[in-house]
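Visitor: Here's my sequence, what's the structure:
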Amino acid sequence: MVDLEPGRAPDGAGAERLLAALDPEQRTVATSLTGPVVVLAGAGTGKTRAITHRIAYGTAVGAYPPNSVLAVTFTTRAAGEMRGRLRALGATAVQARTFHSAALRQAQYFWPKVTGTALPPIAENRMGLVAEAAGRLQLGGDTARLRDLLGELSWAKVSNVSPEEYPTVAAARGREVAGLEPAAVARVLTGYEEVKRERERIDFDDILLCTVSLLADHPEVADEVRRTYRHVVVDEYQDVSPLQESLLRLWVGERGDLCVVGDPAQTIHSFAGARADYLTGFARRHPGATVVRLVRDYRSTPQVVEIANKVMAARPAGDASGRLEAVTLQAQRPPGPAPELAVADDEAAEAEQVAEWLRAQHEAGVDWREMAVLFRINAQSPAYEAALADRDVPYLVRGAERFYERAEVRQALGA
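Guide: Reported below is the predicted structural model:
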């Protein structure tokens, strides 16, 4: 039973139209309006559709004042897509932001109230700050080393690992950075913070740290945020870091009105501190949570889904302590051609095989524009670009800068 806001009449017809567009599992998500709720959503199962309809349905029946909902995700693009879908569904006043955007907005508002000064500006050139810190310690190096140090600095922050703790934690977890000892990396982390203080700057990760500090150390700030945002939804929850989880708990407090959505099989930010066990252990941490599994795959053919399920079935099984495992997908599309599987010895060989296969398809009459190469992360791009170029295969990189057009690569090649 949904409790309506005083004075708010439900739009019954509109609400039913929202539900009519959903499959049974998505409908369960949309109608589970009180938290905690955890949605295990396999690839292509319509998770964004489910959670945006949940928010829209909640506002349509009066369960949620639209401006009391905060929906957070991880990329600006995903947040923009969510806002667009919510507008199309009539939920225009809902806040849909990235973690950092939501945190920055709060920090900029509350920091002056608490400290009497404006929130420090965000550093525009983090690489330069890292280079200065490493240089002071005579640990400077090339761009690759500095980039690795910057990545490790971010990992330490979002993992709540201080410079003092870093050597022990890094050694225990087998983390290596550009051939430097953990103690040397820790000195760079300390030096980086000193450079920032001298410049009176904060960095991208400090946005979350500042907001966590405001909420944790000032109950009046936390109370005001919780009064403003009484319903919190998190997309791609499998990719939250310890710092983001700390912020999320401070946002929600003891209220527990939280809906999280994710797929432990799709964690791609572990290198940056993400921990899928926040998702898989959600029901254990929140007894009585509603658990919904989205299993109907609308994206791929049965042949592709079958392979995906076999790959996931081969993964080690979880323990019996209430952990939530990845879903087994059910294909909804008509049958298609059987996928062809190939094995390569290394990344370069794989890229060469793909390039040769594309050229063979073209020689058999397939237009270049009808073929595509999909890869998971931008770091895979250079090998494919080199293999395609070597075989005169024309290509266009979408969603990333072409490797050979990057400034540091052009410099190295003397371009």
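
Visitor: What segments of the stretch 101-250 of the chain are helices?
Guide: Taking DSSP state H, counting those that start in this stretch as the test, the helices found in the stretch 101-250 of the chain are 126-136, 143-158, 166-173, 182-199, 204-217, 219-228, 242-252.

Visitor: Now do the contacts for Asp206.
Guide: Contacts for Asp206 (C-beta atoms under 8 Å, 6 or more residues apart in numbering) come out as 122, 157, 196. Every residue, glycine included, has its C-beta placed from N, CA and C.

Visitor: Just the buried ones from those residues?
Guide: The neighbour count (16 or more other C-beta atoms under 10 Å) marks 157, 196 as buried among the contacts of Asp206.

Visitor: could you dump the contacts of Asp206 to JSON lines with pLDDT and distance to Val185?
Guide: Below are these laid out as JSON lines (pLDDT from 0 to 100; distance: C-beta to C-beta, whole Å):
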{"residue": "Ile122", "pLDDT": "92", "distance to Val185": "23"}
{"residue": "Lys157", "pLDDT": "90", "distance to Val185": "13"}
{"residue": "Lys196", "pLDDT": "94", "distance to Val185": "17"}
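
Visitor: follow-up on the earlier one: do you know which of the helices of the stretch 101-250 of the chain lies nearest Ala50?
Guide: Nearest to Ala50 among those is helix 242-252 (19.6 Å), distances taken as C-beta to C-beta.

Visitor: list the helices and strands whichever helix or strand comes after the closest one packs on?
Guide: Heading C-terminal from helix 242-252, the first helix or strand you meet, by DSSP states H and E, is strand 258-262. In terms of contacts (3 or more C-beta pairs under 8 Å, 6 or more residues apart in numbering; DSSP states H and E), strand 258-262 is packed against strand 37-41, helix 47-60, strand 231-234.

Visitor: Now mean pLDDT too, for those, in TSV please.
Guide: Converted to TSV, those look like this (pLDDT from 0 to 100):
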stretch	mean pLDDT
strand 37-41	94
helix 47-60	94
strand 231-234	96
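
Visitor: Can you list the low-confidence ranges for the protein?
Guide: Within the chain, the segments meeting pLDDT under 70 span 1-13, 267-274, 316-324, 399-415.

Visitor: what's the domain layout of it?
Guide: Per automatic domain parsing, the structural domains of the chain span 12-103+209-292, 126-192, 347-412.

Visitor: would TSV of the helices of the stretch 101-250 of the chain with distance to Pro65 be doable?
Guide: Conversion of the helices of the stretch 101-250 of the chain to TSV gives the following (distance: least, C-beta to C-beta, whole Å):
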stretch	distance to Pro65
helix 126-136	39
helix 143-158	32
helix 166-173	43
helix 182-199	39
helix 204-217	22
helix 219-228	10
helix 242-252	17
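
Visitor: Of all these, which one comes closest to Ala372?
Guide: Counting by C-beta to C-beta, Ala372 lies closest to helix 143-158 out of the helices of the stretch 101-250 of the chain; the figure is 28.4 Å.

Visitor: okay, the angle between the closest one and helix 166-173?
Guide: With axes from the mean of the first three to the mean of the last three C-alpha atoms, to 10 degrees applied, the angle from helix 143-158 to helix 166-173 works out at 100 degrees.

Visitor: Remind me what helix 143-158 packs against, helices and strands.
Guide: By 3+ C-beta pairs under 8 Å, 6+ apart, helix 143-158 packs against helix 126-136, helix 182-199, helix 204-217, helix 242-252.

Visitor: so which of these comes closest to Ala56?
Guide: For those, the distance to Ala56 is smallest for helix 242-252, at 21.1 Å, taking C-beta to C-beta.

Visitor: who wins for proximity to Ser241 among the helices and strands packed on strand 258-262?
Guide: Comparing the helices and strands packed on strand 258-262 under C-beta to C-beta, the one sitting nearest is strand 231-234, at 12.4 Å.

Visitor: what are the pairing partners of that closest one, and which direction each?
Guide: Strand pairing for strand 231-234, using DSSP bridges, gives strand 69-73 (parallel), strand 258-262 (parallel).
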